[in-house]
Every structure is written in C-alpha cells, then in structure tokens.
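Participant: Fold the following.
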Amino acid sequence: MPGEDVQNLLSGFVRYEMDVKTNINFRSVRRMNSKFKPRPIIATFDNFKQREVVKSSAYKLKSSPFGLSVQYTPDVLAKRKQLLPIQREARAQQAKAVMIRDKLYINNELFDQIKHKQFLPKMETQIPNEKIEDIVTSDKNLFIACVYIPPVRSNFYKLYNCDLFVDLENSIELYSSLGDVILLGDTNSRTGAIDDFVSNDSIHSTIRNRLDDIFDYSADIELNVRNNPDNNTNCYGPKLISLCKASGLRILNGRHKNGFANDFTFCGANGMSVIDYLLVPVSLFPIVRQLIVSNFTTFSDHAFLHIQLSLLCNKQNSTPFPGDENGEKLSQDKFKWNDELKEQCRDCLLNNMEKINMCRERIDFDGQQLLDNSLDEFTSTLNDIMAPFFKKRTINFKSCRSNICDDKPWFNAQCKDLHRRYINCLNIFNRLKSQLNHSNLIRAKKDYKTLERRLKQEYMRTEGNMLDIMRLTNPKLFYKKFKRKASPKHAVPLKLFHEHFKSLCSSDTDAVLDDSQFNNTDGKKAEKCMFEQQDTSIYESSARMVAFKTSTQRVHPWIRAMWLFCYEYLGVQDSYDVKWSTEPASWRPTSKLQLKKIRTEVSKNEDSSANENLTQFMITIYPTTGLIEVQGNAYQSFVANDIPLLLKCVNKMIIDQQFSSKNTNDPNNQFYLLIEN
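Facilitator: Just a heads-up that it's a prediction; the model follows:
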C-alpha cells in the first residue's frame with residue numbers, strides 16, 4: 001500500500017507473531033511484485049546470526065496463515081532444481097533426504113553420484129518407435145575406439161593383405177560382449193544418403209506370434225534420414241554401411257538434435273566430403289549431448305569433431321590440473337603440517353576466536369559475489385592466524401601458451417602476406433562452404449605453400465654452401481658446429497660410484513682383484529714406475545705427464561681419495577669443471593664387466609664470458625694394474641702440492657678401515673713406510 005512502512009510492520013510481526021525478543025536489524029525490506037494478495041515481503045538481514053534466529057522460530061507460524069521461506073541466489077536455485085528430483089526419489093524409496101541450501105544429504109551423508117546412484121531418476125529419451133533408458137544410471141562398460149582406415153590407394157594394402165572393415169567388425173563384436181562400443185574417426189568412407197539400418201526389418205505379427213517361443217528377434221529401428229551435405233559415395237561407403245547394419249552402430253553425423261553435425265569434415269584439392277564419423281548404438285543416442293563439426297584450421301585438411309558425452313564418473317578420482325584460460329602462470333601454495341605444534345595451534349585459535357566469530361557473522365548470502373568476498377575474508381583471517389605454524393612452499397605452474405615462437409629465417413614479408421590471404425580465405429570458407437569459396441581457399445593455400453617450400457629450399461641450399469666454404473676455410477669452426485655436446489648427466493651417478501668404492505675399501509679386496517692380473521703392467525715405461533713415487537724422467541717433458549704405481553690393497557683407497565679431491569673439493573668450486581669416464585663406458589658397479597680404466601679431467605674456467613675451459617690435469621687410474629697417470633698443464637703443481645695430501649688421505653683411510661696387506665714384505669712398501677716414519 002502507498003505510504004506503508006514495511007520495515008516497522010515486519011519488525012512488529014517478528015517480535016509479536018514469532019515471539020523473537022532479540023532486536024532484529026534489517027538491511028532492506030520491500031514487497032515483491034506478485035499476483036498474490038497481500039504481496040509477500042522480502043527482507044535482507046544485517047548478519048547471518050540474526051537470520052538464523054528468525055529462521056529457527058518459523059515453527060511458531062505453523063497454525064497461522066503466514067509462512068517463511070529462504071530466498072536463494074540464482075546459482076543455488078539452479079543447483080536445488082537439479083537435486084530436487086533426486087530428493088523425491090530418495091524419499092520414495094524410504095530414505096531420509098534433507099536439502100540444506102545447495103547440498104543434499106541422504107541418510108546423513110552428502111549426496112554422491114556413485115554411492116547413491118540408486119536414487120538417480122531414470123531419464124527417458126524419445127527415439128522413433130522406441131523409448132530407451134539413459135545409460136547415466138547404467139553400470140555397463142563403455143569402450144570408445146578411435147580408428148583410421150587408409151584410403152584405397154594407400155601403400156598400406158601393399159604391405160598387409162587384409163580387409164580392415166572385417167577386422168573392425170570382429171573387434172566390435174568382441175568388445176560388445178563386454179559393454180557398449182562407440183566408434184569415431186577417419187574411415188575415408190563416403191556414404192551419401194544410404195540408410196545405415198535395415199529397412200522394414202520388423203516381422204509380421206502373424207509370424208511373430210507363431211515363432212515367438214522359438215527365437216527372440218529385435219528389429220532395427222528406422223531412424224530419420226541423415227542430413228548429409230555429401231551426396232556421393234565411394235567403394236568404402238557400402239562397407240561402412242554394412243558394418244553399421246552388422247554391429248548395430250548408427251551414424252550420428254546429420255542426425256544430432258543440435259544440428260551442428262550436418263557439415264563437411266574434409267576439404268581437399270579435389271573437393272569436399274564427409275568421411276569422419278561418430279558411430280553410436282541407438283540406445284546410447286541420449287548420452288551424446290553435443291556433436292559439432294568444427295571449423296577447418298591451417299593444421300589439417302580435416303575438421304575435428306567436438307563430442308560431449310553424459311557419463312557417470314566419480315569426481316573424487318579426478319584431479320584437474322590447475323590451468324588459466326588467459327595463459328598466465330599460476331601458482332599454488334602448499335603447507336606442511338608439524339604435529340608437534342598441535343597444542344600451539346589450538347591455543348592460537350582459541351585466542352583469536354573473537355576475530356573468527358566476527359568474520360562468521362559478516363558472511364553475506366545475498367549474492368554470489370558477496371558470498372565470495374566473505375569467504376575470502378574468512379580464509380585470509382584464518383591464514384594469518386595459522387601461518388606461523390606451517391611451512392609454506394609455492395609451486396608455480398607454467399602455461400603452455402607462454403612460449404612465443406619466432407618466425408623461421410626464410411619466412412619473409414611476401415610469405416606473410418600470402419599466409420594472411422590464406423587465413424582470410426579459410427575464414428570465409430568456414431562461414432560459407434560454397435564451391436567458389438572452396439576454389440579460392442585451395443588457390444590461396446597452394447600459393448602460400450609453394451612459396452614457403454621454395455624459400456625453405458633456398459635457405460637450406462644457402463646454408464649448405466656456407467658450410468662447404470667453412471669446411472675448406474675454417475675446419476675448426478666447421479667441426480665445432482657438429483661437435484656432440486657432452487651430456488650434463490654422468491653415465492653412473494656419483495653417489496653410486498662413491499658407494500661402490502667405499503664398499504670395496506671396507507671389505508676384503510683379495511676376492512675383488514687377482515694379483516696375477518694386477519702385476520701384469522702394460523708397457524715398458526709403466527714397468528719403470530716406482531711405488532707411489534713420481535719419476536719425471538720416464539716421460540718426455542713435452543708430454544707433461546707423470547705416473548706411479550700402487551699395490552692391490554691401496555688402489556681402492558686411491559680411487560676414493562681422488563674422488564674426494566676432484567668432486568668434493570674442486571667440483572664444488574665455480575672455477576673448476578670436473579668430468580669423468582670409465583672404460584668400458586657401459587660399466588656399472590652392479591655389472592659383471594671388468595673395470596679397466598677410470599679417467600677424471602679437471603678443467604679451469606679462466607674466462608667465463610668466453611666460456612673456454614683449460615685442462616689443468618687429467619688423472620687416469622688402472623684398477624687392474626695399479627698404475628696412476630697424471631697429465632696436463634698443471635701436472636707439476638698437482639704432483640708437488642696435491643699428491644702428498646692424497647697420500648696422507650690414503651693412509652688415513654687404510655688405518656681407519658684396518659686394511660690387511662699380504663704384501664708387507666714388499667721392499668717398496670717398506671721404503672714407503674720408512675719415508676712416512
């Protein structure tokens with residue numbers, strides 16, 4: 001009524017009719033435009049707590065002509081509309097079903113499509129002369145097969161003498177015994193307007209009545225004529241139709257209710273055709289929600305099929321990968337829980353309970369945006385309270401759209417113009433698939449592809465000529481371009497390498513190496529090497545090389561000492577680059593191959609801007625002979641400064657591991673012990 005104070009009227013109604021003594025504050029109160037007289041009143045409360053107080057007193061209006069209901073947002077109403085038939089079905093089956101906002105609880109459990117599938121209403125879809133049940137409520141397996149059948153003149157049939165349609169029919173028959181089958185893909189079959197079902201397949205009623213007890217025959221359902229823009233056929237067309245009649249699959253192209261599947265699927269130089277199909281049993285027609293023949297693109301002369309199915313799936317088992325429609329990099333925060341801080345977290349929550357209650361009272365349910373803002377505020381408050389007790393780790397997700405590819409070197413301005421013209425003709429053809437637009441598209445595509453191919457060939461020819469000239473004038477630069485880059489990963493992990501020789505040093509080495517093999521040193525110069533003493537006169541000074549020998553029991557400590565020096569000391573420094581290899585290269589600590597050689601190369605990065613490595617020294621250890629070689633620019637410094645330290649390291653390991661030596665009478669060993677003493 002004009003001049004009516006609706007807010008005071010509602011406040012008095014709540015206080016006296018509903019017996020609510022608490023002072024209720026309304027944000028807004030108004031009457032709705034309705035055909036009912038008097039018109040209903042809709043009110044918005046200041047906070048959630050007051051709304052719940054009024055709602056809990058609604059039972060007092062049971063015997064009165066008044067009533068109270070909650071007004072939900074459109075998205076909540078849409079969700080409740082979907083859950084309402086399930087609630088009715090559950091109550092019809094004597095189950096307890098309660099709906100709270102947009103959530104349905106059945107027998108005090110949140111509704112789950114898998115767990116409570118018996119309460120899902122059975123949907124019926126009308127097919128000509130038949131009513132079928134939607135398989136959303138079915139437990140049968142569904143097999144989706146993607147197929148490709150090569151064209152008639154393909155070289156495939158020269159290699160394999162077979163009929164792919166017969167093999168495909170046998171496979172469909174096999175999997176049909178296990179569940180339902182859906183077929184889609186490129187069959188290179190043009191079916192025109194041929195029916196894919198048996199016409200007039202029903203048996204006369206007189207014969208059916210006589211033979212009904214003998215066999216059960218289900219006749220083919222006569223479907224509507226397919227809206228096929230391709231009226232021509234080829235030799236594969238009748239074979240595909242025969243496959244459909246034998247297997248019970250039906251072509252859904254040109255039959256789907258949305259009308260987006262009535263289009264060409266192939267666009268070639270000789271014309272347009274429909275050769276990509278979706279084959280579905282008649283009983284599964286209702287689950288195909290969408291079938292769209294998409295636009296043609298520059299990536300293929302086939303138009304891809306967009307298919308959307310209604311299937312029963314468990315959302316708990318699906319974990320969608322975080323993505324961003326705008327192609328931006330996303331991040332996700334992960335928190336690690338420490339069980340020792342449980343009591344501290346509990347005390348912190350109790351101390352901040354007033355702040356949490358204030359956030360809870362400010363929750364607004366009037367709209368989705370207001371609800372989201374309230375939820376964000378509550379989450380932010382809770383994070384601020386609990387953040388000190390959790391270890392935070394941020395994970396960044398890289399989008400696949402962030403990479404921007406540059407044009408190829410041969411892609412010049414003329415090629416860009418032809419490519420732009422090709423894209424323009426393709427867009428025009430997708431809007432109207434006429435013969436004129438098709439011929440314009442083929443001509444533009446041919447011009448662009450011909451120029452691109454010619455420019456690429458010219459570029460490759462020019463690059464080849466430059467390499468020929470470089471090979472003659474600058475061989476070093478030429479072979480550098482083809483030099484295989486060393487793998488950043490070692491063939492054998494360093495940790496495994498270290499553990500292997502550590503185990504050798506801590507075990508009986510007599511069973512590992514045979515002394516008969518150990519003493520056979522190859523080469524006359526190697527035979528002159530002293531026991532762990534360096535004789536620089538053995539090799540020429542230009543070789544920049546020195547060598548010495550060790551005993552059976554000391555070769556493994558030497559390997560371990562070299563490993564500690566090269567990798568644990570030099571390898572962690574930015575100025576050094578350490579590489580190592582074994583012979584044979586396929587040797588592993590767990591293999592039965594005999595390790596013949598271990599080579600370690602130490603290089604120094606003197607000029608990091610020029611990225612040039614200078615080899616300082618290269619250490620080669622022969623485990624079967626006990627020979628150790630050192631060669632390189634800094635071999636003298638290594639022998640003078642580093643070898644004594646390595647000797648002490650070897651002796652320390654032998655003492656700690658309590659190595660036993662059966663060569664104690666070796667004069668070289670006695671000489672070495674005298675030197676140490």
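Participant: where do the helices sit along the stretch 251-400 of the chain?
Facilitator: Secondary structure of the stretch 251-400 of the chain (DSSP state H, counting those that start in this stretch): helices located at 342-351, 353-361, 368-386.
Participant: Residue 252 is nearest to which of the ones you listed?
Facilitator: Judged by CB to CB, the one of the helices of the stretch 251-400 of the chain that comes nearest to residue 252 is helix 368-386, at 36.7 Å. In this view, the C-beta of every residue, glycine as well, is placed from N, C-alpha and C.
Participant: Ok, which of the helices of the stretch 251-400 of the chain comes nearest residue 49?
Facilitator: So among the helices of the stretch 251-400 of the chain, helix 353-361 is nearest, using CB to CB, at 5.3 Å.
Participant: Which elements pack onto the closest one?
Facilitator: helix 48-56, helix 368-386 (3 or more CB pairs under 8 Å, 6 or more residues apart in numbering; DSSP states H and E).
Participant: mind giving me CSV with those helices and columns for distance to residue 148 and mean neighbour count?
Facilitator: Formatted as CSV, the helices and strands packed on helix 353-361 follow (distance: least, CB to CB, whole Å; neighbours: other CB atoms under 10 Å):
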stretch, distance to residue 148, mean neighbour count
helix 48-56, 59, 15
helix 368-386, 46, 13
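Participant: okay, those helices in JSON lines with distance to residue 407 next?
Facilitator: Shown next, in JSON lines, are the helices and strands packed on helix 353-361 (distance: least, CB to CB, whole Å):
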{"stretch": "helix 48-56", "distance to residue 407": "58"}
{"stretch": "helix 368-386", "distance to residue 407": "43"}
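Participant: what's the closest of those helices to residue 156?
Facilitator: Comparing the helices and strands packed on helix 353-361 by CB to CB, helix 368-386 comes nearest, at 55.5 Å.
Participant: Give the rounded mean pLDDT of that closest one.
Facilitator: For helix 368-386, the mean pLDDT works out to 82.
Participant: How much space separates residue 268 from residue 423?
Facilitator: 18 Å (CB to CB, to the nearest Å).
Participant: do residue 78 as well
Facilitator: For residue 78 relative to residue 423 (CB to CB), the value is 40 Å.
Participant: go on, residue 480?
Facilitator: 41 Å.
Participant: neighbour count winner among those two?
Facilitator: residue 423 (14 against 10; other CB atoms under 10 Å).
Participant: mind listing the helices for the stretch 1-150 of the chain?
Facilitator: 6-12, 48-56, 74-92.
Participant: In JSON lines, list the ones you listed along with mean pLDDT and distance to residue 225.
Facilitator: Formatted as JSON lines, the helices of the stretch 1-150 of the chain follow (pLDDT from 0 to 100; distance: least, CB to CB, whole Å):
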{"stretch": "helix 6-12", "mean pLDDT": "81", "distance to residue 225": "61"}
{"stretch": "helix 48-56", "mean pLDDT": "82", "distance to residue 225": "58"}
{"stretch": "helix 74-92", "mean pLDDT": "81", "distance to residue 225": "35"}
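Participant: Of the ones you listed, which is nearest residue 66?
Facilitator: Going by CB to CB, the one of the helices of the stretch 1-150 of the chain nearest residue 66 is helix 6-12, 11.2 Å.
Participant: and the closest one, what does it pack onto?
Facilitator: strand 26-31, strand 41-45.
Participant: For that helix, what is the distance to the chain centroid?
Facilitator: 58 Å (CA atoms, centre = their mean, to the nearest Å).
Participant: now do stretch 584-604
Facilitator: 37 Å.
Participant: With stretch 352-370 instead?
Facilitator: Taking mean C-alpha positions (CA atoms, centre = their mean), stretch 352-370 and its chain are 37 Å apart.
Participant: Span of it from start to end?
Facilitator: 24 Å (CA to CA, to the nearest Å).
Participant: Please apply the same query to stretch 270-278.
Facilitator: Start-to-end, stretch 270-278 (CA to CA) is 24 Å.
Participant: Give the buried residues for that stretch.
Facilitator: 272-278 (16 or more other CB atoms under 10 Å).
Participant: for stretch 542-559, same thing?
Facilitator: 545-559.
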